[in-house]
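Undergrad: just a sequence and a predicted model for now, questions to come.
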Amino acid sequence: MQRFSKIPATIVTGFLGAGKTTLIRHLIEHAGGRKLALLINEFGDVGVDGEILQNCGDAACKPDRIIELANGCICCTVADDFLPAIERLLTLDPLPDHILIETSGLALPKPLVKAFDWPAIRSKLTVDGVIAVVDAAAVAAGRFADDPEKLGAARSADPSIEHDNPLEEVYEDQLLCADLILLNKIDLIDSETRANIIAEINALVPRAVKIVPIEKGCVEADLLLGLDAKAEDDLEARPSHHDTEEGHDHDDFESLVIDIAPLSAPEPMLERLAALAERHDVLRIKGFLDIAGKPMRLLVQGVGARFQQTFDRPWRAGEERRGRLVVIGQKGLDGAAITQALTQTLVA
Ligand SMILES: Nc1nc2c(ncn2[C@@H]2O[C@H](COP(=O)(O)OP(=O)(O)OP(=O)(O)O)[C@@H](O)[C@H]2O)c(=O)[nH]1
């Protein structure tokens, strides 16, 4: 089918575990008749987000309209991964009314917005808006703030250093590129903290950007879609810590995937995961566990030391019952110790 207007695309950014997938799931379930297509990018290669979204089984976004780019950050592989994926979505029949792009939690959104200025994309698509999802609890816990002691030490070695905290840079880049900011997980903070975070974000972001406090991604599709920001025409208004760099790599972060043997019960493993996340300052753990005797697989989600689990769907006939977790942390993560702790003694 030929289409004369550009297809709008919304980029959903936000740090690891902020609630991007939760938001998109809610959006798919309340799409208001829109035919959506989805591009999902994850840092670890277990492909949890794609699985969750493919299983929400909603007519607004059937599995064949979802493309998953796991194990990397699309901001770094725009030409190799992002463009071909977008081109595939443009062959769908019927064409999508709106494309949603969930970036990995470590991705910088600006390189992606820039890609929409490339002639091959520009003629067919426009960035309707960049939406940044913020984990209010993580901000309140100081997750993205510079450590003044470490910064002082680094600055005395190199006075040109502005930050010692790569998390802060990623977090701020995501906010600085946004057309709309969703302050998610407000159930985990009080109203005073909420007001403080909103004031901090307003002080950081130079242009007027709406900040909407939400819980569990619940927000109306009409508020998110149709912003008509044309962000690709407006790159100068979106400063980035990485504006002067050629590329951006993710050497500051590491991930590992650990196979977990079947468990007789989930609780001891969940306790162990929370303790490990605390001890090793893990940013994100997610994946699936095989609980012996249970027909359903257990979806495990950890953000910092906060864990949630749910039996999300039955293991399929012919599907290997395989427990696997992806663990993401900053550079220097002790993968050997974490792997050993998770593969020891807990087998059924
Ligand atoms: N308490 C609380 N938990 C939430 C909220 N929104 C999401 N979560 C939980 O936070 C965890 C991470 O949510 P996701 O939606 O997977 O986050 P994400 O940003 O997609 O994560 P990555 O793709 O790994 O970066 C899950 O356990 C969610 O259930 C919220 O408003 N409140």
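TA: Thanks, I have the structure now.
Undergrad: mind listing what the closest residue to the ligand within the stretch 201-348 of the chain touches?
TA: Going by Cβ to the nearest ligand atom, the ligand is nearest to Gln301 of the stretch 201-348 of the chain, at 3.2 Å. Every residue, glycine included, has its C-beta placed from N, CA and C. Neighbouring residues of Gln301 by Cβ atoms under 8 Å, 6 or more residues apart in numbering: 17, 285-286, 307-309.
Undergrad: how near is Glu313 to Arg297?
TA: Wrong residue type there; residue 313 is Arg, not Glu. Applying Cβ to Cβ, to the nearest Å, one obtains 7 Å for the distance of Arg313 from Arg297.
Undergrad: nearest residue to the most centrally placed residue in the chain in space, please, no chain neighbours.
TA: The residue lying closest to the centre of the chain (Cα atoms, centre = their mean) is Gly105, at 3.6 Å. With Cβ to Cβ, 6 or more residues apart in numbering as the measure, Leu16 is the residue that lies nearest to Gly105, at 3.2 Å, once sequence neighbours are left out.
Undergrad: next, the residue lying closest to Asn184 once chain neighbours are set aside: phi, psi?
TA: Counting by Cβ to Cβ, 6+ apart, Gly19 is the residue found nearest to Asn184 once chain neighbours are left out, at 4.1 Å. Dihedral angles phi and psi of Gly19 (degrees, to the nearest 10) take the values phi 120, psi 20.
Undergrad: same check on His98?
TA: Here His98 shows phi and psi, under degrees, to the nearest 10, equal to phi -160, psi 140.
Undergrad: what sits against it?
TA: With contacts defined as Cβ under 8 Å, 6+ apart, His98 is in contact with 7-10, 34-37, 128, 225.
Undergrad: most neighbours out of those residues, which is it?
TA: Within the contacts of His98, neighbour counts (other Cβ atoms under 10 Å) peak at Ala9, which reaches 27 neighbours.
Undergrad: would you check how far apart the residue of the stretch 101-250 of the chain found nearest the ligand and Val113 are?
TA: Closest to the ligand within the stretch 101-250 of the chain is Gly105: 3.0 Å, counting by Cβ to the nearest ligand atom. In this structure, Gly105 and Val113 are 17 Å apart, going by Cβ to Cβ.
Undergrad: that older thread, what about Arg313 and Arg297, which has more around it?
TA: For Arg313 and Arg297, the more surrounded residue by other Cβ under 10 Å is Arg297, and the numbers stand at 23 against 15.
Undergrad: against Ala132, how distant is the more buried one?
TA: For Arg297, the distance to Ala132 - Cβ to Cβ - is 31 Å.
Undergrad: what about Glu172, neighbour count?
TA: 19.
Undergrad: how about the residues of the protein near the ligand?
TA: Along the chain, the residues adjacent to the ligand under the rule Cβ under 6 Å from any ligand atom are 14, 16-22, 49, 105, 184-185, 187-188, 215-217, 284, 286, 301, 303, 308.
Undergrad: correct me, but the residue nearest to Asn184 touches Cys218?
TA: No. With contact defined as Cβ atoms under 8 Å, Gly19 does not count as touching Cys218 (10.2 Å).
Undergrad: which one's more surrounded, the two?
TA: A count of neighbours by other Cβ under 10 Å puts Gly19 above the other of Gly19 and Cys218, at 24 against 11.
Undergrad: brilliant, that's me finished.
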